[in-house]
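J.: pasting the sequence and the predicted coordinates here, then a few questions.
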Amino acid sequence: MALWYTSSQLLRLNHRITPSKVITATLQHFGLLRRPYIHSGSRRKVANIFTAAKSTPSIWTDRNSRSSVLRHATSASTISKQKPLKTALFNTRSLNNKSLILNEFITDNKLDLLCLTETWHKPMDYVALNQTTPTGYSYVDNPRAEGRGGGIAVIHRDDLTLSPLSIPAASSFEHLAFRLPGPQSLTVAIIYRPPKTTSSFLSDFTDFFTQLSSISSSLLLLGDFNIHIDSPKCKFSADFLDILNCFNLTQHVNSPTHSRGHILDLVCSTACLCIQNLSLTDLAISDHLAITMDINIPIPGSKHTYTITFRNLKSLFPISFSSSISDIITASSFPANPTPPELVVYNRTLSTCLNQLAPLKTKTVSFSHSTQWYTPELHILKKKQRQLDSLCKTALQNTEMLCLHSTPAISPLIWKITSLNSTAIKQNSSSSDPKRSSPLPRTSPSSSMVTTSPSPPPYETLAL
């Protein structure tokens, strides 16, 4: 007798799933429950390994749990505000002379995915698909290599990343499988089964879905199966429904999808998917009805893109830049005391030389995670902080140079002030690193100036 396992039962065997209390007690009784190895200098305390199912899966202290929550709080709030994935299924019975109608059907209903069966297009035949695909959409297809009919395609929004899955082809049906990545990855399979009955379909379908179950627990199966599942006396349809029950799949279409009153187009999903607002629409261009639905699954939204302009100054050689400027200045004979119009020409000349050696480049960048805490006000403050840090370092360097070339009367005082500023900067930098931080001595500034300051370096008296 063959054993049947659902996808959820197979996923329970994963070691990352929290075991039950009975299993934990059994492991403790036989002495098989061991604590994980932790380095003695890691300063981490081990918490309860088998936490609650809804808690953060971490074995460390609450500090890391809070940081994990803060790290993913923005993405979780973004996902909760997103709309459901609007999907449609339609058997076109040839895309010829129907592309414009399907193009309007996508734009009018604001579809995210449109799954098409029986497109009747051949390899390297993309005219009908290009006309069907609106602006801002792309498609993935699987044409029939030989014979008439068949063909599968899916039209999707450009901001949705579809990863096609390589699954061996079956002789009894055509399929197109892809994965939609995200916080909860969704695996979708579009199937078209020809109306001719083949004895190997049930075994081929079982092998095909077994491979899909090992990829993801969120599965969506839809297409034209050409099986009268509304006929309870049909043994073939009864065996097919038994396979769906063995894989814990739910069939959502309950109304006829064909002009002859049978349910041929099916939408099946696992229990973790919530499908709502399923409806049938007659487009009057085929003997099948179009099926539209909403899938409540967290799909990542479009990334925010920004256009930046920059110069690659690292590729600029100073010698080349200097020679370029000298050639232009010599040829134009700039005066010693230029007027404002002549300064404008001079600046324009420098810009021309810079554009020739290091031209401006434009690049579009995007960020996968939006950081709502990084506001424009915070950006301005960080910019001011960097400017003040640069001014402080420059002032310290100028003070040291002044100390070396000052008179004997003020040189020791400048050296003491410089040493105090350097000590304060080192203490601030070390206090930001907890491993290097050390308690400051409880002494007054005057005492530190007298006792801890180093002796002034030798100096030379400048001729006044």
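T.: Happy to help now that I have it.

J.: strands of the stretch 201-350 of the chain, start to end?
T.: Taking DSSP state E, counting those that start in this stretch, the strands of the stretch 201-350 of the chain run over residues 219-224, 250-251, 265-269, 275-281, 290-295, 304-311.

J.: so of these, which one's packed in deepest?
T.: Highest mean neighbour count among the strands of the stretch 201-350 of the chain (mean count of other Cβ atoms under 10 Å): strand 219-224, with a mean of 25. In short, each C-beta sits where N, CA and C put it, glycine included.

J.: and the strands of the stretch 201-350 of the chain: which comes nearest Leu102?
T.: When these are ranked by proximity to Leu102, the top entry is strand 290-295, at 9.2 Å, counting by Cβ to Cβ.

J.: what sits closest to Leu289 if chain neighbours are left out?
T.: Nearest in space to Leu289, with sequence neighbours left out and distances taken as Cβ to Cβ, 6 or more residues apart in numbering, is Leu280 at 4.4 Å.

J.: circling back to that earlier point, show me the one of the strands of the stretch 201-350 of the chain that comes nearest Asn103.
T.: For Asn103, the closest of the strands of the stretch 201-350 of the chain is strand 290-295, at 13.7 Å, according to Cβ to Cβ.

J.: which other helices and strands does that closest one contact?
T.: Judged by 3 or more Cβ pairs under 8 Å, 6 or more residues apart in numbering; DSSP states H and E, the packing partners of strand 290-295 are strand 85-91, strand 265-269, strand 275-281.

J.: so if we follow the domain assignment, how does this structure break up?
T.: 8-35+43-79, 83-295, 304-367, 374-414 (automatic domain parsing).

J.: quick check: the residue nearest to Leu289 vs Phe317, distance?
T.: The spacing between Leu280 and Phe317, counted by Cβ to Cβ, to the nearest Å, is 69 Å.

J.: what's the neighbour count on the residue nearest to Gly151 when sequence neighbours are not counted?
T.: For Gly151, ignoring the flanking residues on the chain, the nearest one in space by Cβ to Cβ, 6+ apart is Thr119 at 3.7 Å. Using other Cβ atoms under 10 Å, the number of residues around Thr119 comes to 27.

J.: surely Thr119 meets Leu129?
T.: Yes. Counting by Cβ atoms under 8 Å, Leu129 is a contact partner of Thr119 at 7.4 Å.

J.: need the residues touching each of these two.
T.: 95, 141, 153 (Cβ atoms under 8 Å, 6 or more residues apart in numbering).

J.: still on that earlier bit, just send the domains of the chain back as CSV, with mean pLDDT too.
T.: Formatted as CSV, those follow (pLDDT from 0 to 100):
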stretch, mean pLDDT
domain 8-35+43-79, 51
domain 83-295, 92
domain 304-367, 79
domain 374-414, 73
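
J.: any idea which of these is most buried?
T.: Per residue and on average, the most neighbours among those fall to domain 83-295, with a mean of 17 (mean count of other Cβ under 10 Å).

J.: just the helices in the chain please.
T.: For the chain, the helices defined by DSSP state H occupy 7-12, 21-29, 62-80, 99-109, 127-132, 201-213, 235-246, 318-332, 340-357, 376-404, 411-432, 445-451.

J.: tell me what the fourth one is packed against?
T.: Translated: helix 99-109. By 3+ Cβ pairs under 8 Å, 6+ apart, helix 99-109 packs against strand 85-91, strand 113-117, helix 127-132.

J.: export the helices and strands packed on strand 290-295 to CSV and append columns for distance to Ser20.
T.: Formatted as CSV, the helices and strands packed on strand 290-295 follow (distance: least, Cβ to Cβ, whole Å):
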stretch, distance to Ser20
strand 85-91, 33
strand 265-269, 27
strand 275-281, 30
